[in-house]
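Enquirer: pasted the sequence and its predicted model underneath.
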Amino acid sequence: MQPQFQLPQFQLSGPLAERRIVVAMSGGVDSSVVAALAAKTGAEVIGVTLQLYDHGAAVGRTGSCCAGQDIRDARAVADRIGIAHYVFDYETAFRDSVIADFADEYMAGRTPIPCVKCNMGVKFTDLFQIARDLGADCLATGHYVQRVEGPHGAELHRATDPARDQSYFLFATTQAQLDYLRFPLGGLPKPMVREIAAELGLSVALKPDSQDICFVPDGDYAKIVRKLRPDADEGGDIVHIDGRVLGRHKGMIHFTVGQRKGLDIGGQPDPLYVVRLDAASRRVIVGPRAALAVSGAVLSDINWLGGDFTGPLTAKVRSMAKPVPSRLEGDRLLFDAPEYGVAPGQAAVLYAGERILGGGWIASTQAAMAEAA
């Protein structure tokens, strides 16, 4: 029976029977469907899985990524669709470049995004090299984002399904990487991807989605930080922006900018939020919601995919936030209206409509109101 869906394009020239596609297979439904669709094109397809960690509950947890059961699931799918499948051990590189960085960022009072660091490192650097060594014409992944051939080369665009769009986590993709990458699922809604998996008889069709932080299986990220940095629980003062010491905390790793719960400083007339974290003095600075408003941010390590674009843009400063009107002046991102919950360590991703222009890491913010502390 012929599948009742339109096969996505892999954007390769010439007869696909003469092409080789490497698919990054994490063991989830998305990358499994990409591998199956690639095989249906007639191209030679090779599945590659990077083992990124092998410890604790994450190894056997359903819906994790790149470990234990996931590797077995990827291999089962490869066997089902009749493609070669290779597993490469990148646990040490992942620990050094992603997990250790995650702990260091929290210790420095910043809020990390390990998924971006993983894409920048082992996935879009080491995996790239593996794909090239295998002689692949492209590397295909299951990310929900679109690669569009523009007038001046490949462009990165948001997925058509806004609920699944992963462009925020891919802002650091370089132009050279984008030229080589393919994202076949960017134009499909997730329910259709699961339907395709079921129609093709893939065992992962109903497998839950992977978690945002794959190496924190129980959601207790503080435990991971403590394991790597034993001094993570050293306490300090909770200080109001007016200079008053309101209490003590049990470690800065338990706080992030914008947080309201968990401060344990009752008796205040108005709700208080974490405004910033001072790693040097181990102070957690708190204030009213108005103190969270920022007028701009300084960005570091800006990756630009916009060519000579100079028009109006929008910026997304959290993965779940909506892009807001902004302008970029050098390394300074200025918001047209005050923005809330902008945390150093997070990313600011820049858009022109549906196109991703690039982005950078939030190094510092400019408060929209004067602070006394």
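Expert: Yep, that arrived. Residues are numbered from 1 along each chain as shown.

Enquirer: run through the residues that contact Gln177.
Expert: 124, 128 (C-beta atoms under 8 Å, 6 or more residues apart in numbering). All C-beta spots, glycine's among them, are computed from the backbone N, C-alpha and C.

Enquirer: in the strand or helix carrying it, what's buried?
Expert: Using DSSP states H and E, the element containing Gln177 is helix 175-180. Neighbour counts using 16 or more other C-beta atoms under 10 Å place 177-178, 180 of helix 175-180 among the buried residues.

Enquirer: now it: how far from the chain's centre is it?
Expert: 18 Å (C-alpha atoms, centre = their mean, to the nearest Å).

Enquirer: any idea of the mean pLDDT in it?
Expert: Averaged across helix 175-180, pLDDT comes to 95.

Enquirer: where exactly do the helices run in the stretch 51-200 of the chain?
Expert: Taking DSSP state H, counting those that start in this stretch as the criterion, the stretch 51-200 of the chain carries its helices at 68-81, 91-94, 100-107, 114-118, 127-133, 175-180, 190-199.

Enquirer: pLDDT of the fourth one, averaged?
Expert: Just to be clear, that refers to helix 114-118. 85.

Enquirer: next one: that helix to chain centre, how far?
Expert: That offset, for helix 114-118, works out to 5 Å (C-alpha atoms, centre = their mean).

Enquirer: what does it contact?
Expert: Against helix 114-118 from outside (C-beta under 8 Å, 6+ apart): 52, 94, 97-99, 101-102, 169-172, 212-213, 215, 347.

Enquirer: hmm, try it at 7 Å
Expert: 97-98, 101-102, 169, 172, 212-213, 347 (C-beta atoms under 7 Å, 6 or more residues apart in numbering).

Enquirer: contact partners for Gly287?
Expert: 240-241, 272-273, 275.

Enquirer: same thing but 10 Å
Expert: Going by C-beta atoms under 10 Å, 6 or more residues apart in numbering, Gly287 touches 239-242, 270, 272-276, 367, 369, 371-373.

Enquirer: with Leu328 instead?
Expert: So Leu328 contacts 299, 302, 304, 306, 310, 313, 315, 334, 348, 350, 357-360 (C-beta under 10 Å, 6+ apart).

Enquirer: which of the residues you listed are buried? Put it as a ChimeraX command.
Expert: A single ChimeraX command selects the buried members of these (16+ other C-beta under 10 Å):
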select :299,302,306,313,315,348,350,357,358,359,360
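
Enquirer: closest to Phe128 among the contacts of Leu328?
Expert: Gly358 (18.6 Å; C-beta to C-beta).

Enquirer: and that closest one, helix, strand or coil?
Expert: strand (DSSP: H, G, I helix; E, B strand; the rest coil).

Enquirer: can you check the pLDDT for it?
Expert: The predicted local confidence for Gly358 is 97.

Enquirer: quickly list what it is bridged to.
Expert: Beta-bridge partners of Gly358, counted by DSSP bridges, are Trp304, Leu350.

Enquirer: please shift the residue numbers so they start at 21 in all later answers.
Expert: Right, with 21 as the first residue, what we last looked at is Gly378.

Enquirer: surely it touches Tyr188?
Expert: No: checked against C-beta atoms under 10 Å, the pair Gly378 and Tyr188 is beyond contact range at 12.0 Å.

Enquirer: overlap of the contact sets of the two?
Expert: In contact with both Gly378 and Tyr188: 368-369, 371, using C-beta under 10 Å, 6+ apart.

Enquirer: in stretch 350-367, what's buried?
Expert: Those buried within stretch 350-367 under the rule 16+ other C-beta under 10 Å are 353, 355, 358-367.

Enquirer: between these, which sits nearest Arg178?
Expert: Ala367 (15.0 Å).

Enquirer: now the helix or strand in which that closest one is found, how far from the centre of its chain.
Expert: Using DSSP H and E, Ala367 sits within strand 367-372. The chain centre lies 13 Å from the centre of strand 367-372; the measure is C-alpha atoms, centre = their mean.

Enquirer: could I get that strand in CSV with only the CA atoms?
Expert: This file holds the C-alpha atoms of strand 367-372, laid out as CSV (Å, rounded to 0.1, in the frame of the first residue of the first chain):
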residue,chain,number,x,y,z
ALA,A,367,19.8,33.1,24.0
ALA,A,368,18.3,36.0,22.1
VAL,A,369,17.2,34.7,18.7
LEU,A,370,16.6,37.2,15.9
TYR,A,371,13.9,36.9,13.2
ALA,A,372,12.6,38.6,10.1
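
Enquirer: pretty sure Arg92 contacts Gln71?
Expert: No: contact criterion C-beta under 10 Å: Arg92 and Gln71 do not qualify, at 11.3 Å.

Enquirer: and these two? Which one has more around it.
Expert: For Arg92 versus Gln71, neighbours defined as other C-beta atoms under 10 Å are more numerous around Gln71 (16 against 11).

Enquirer: looking at this structure, which helix or strand is least sure?
Expert: Within the chain, confidence by mean pLDDT, DSSP states H and E is lowest for helix 241-248 among all helices and strands, at a mean of 83.
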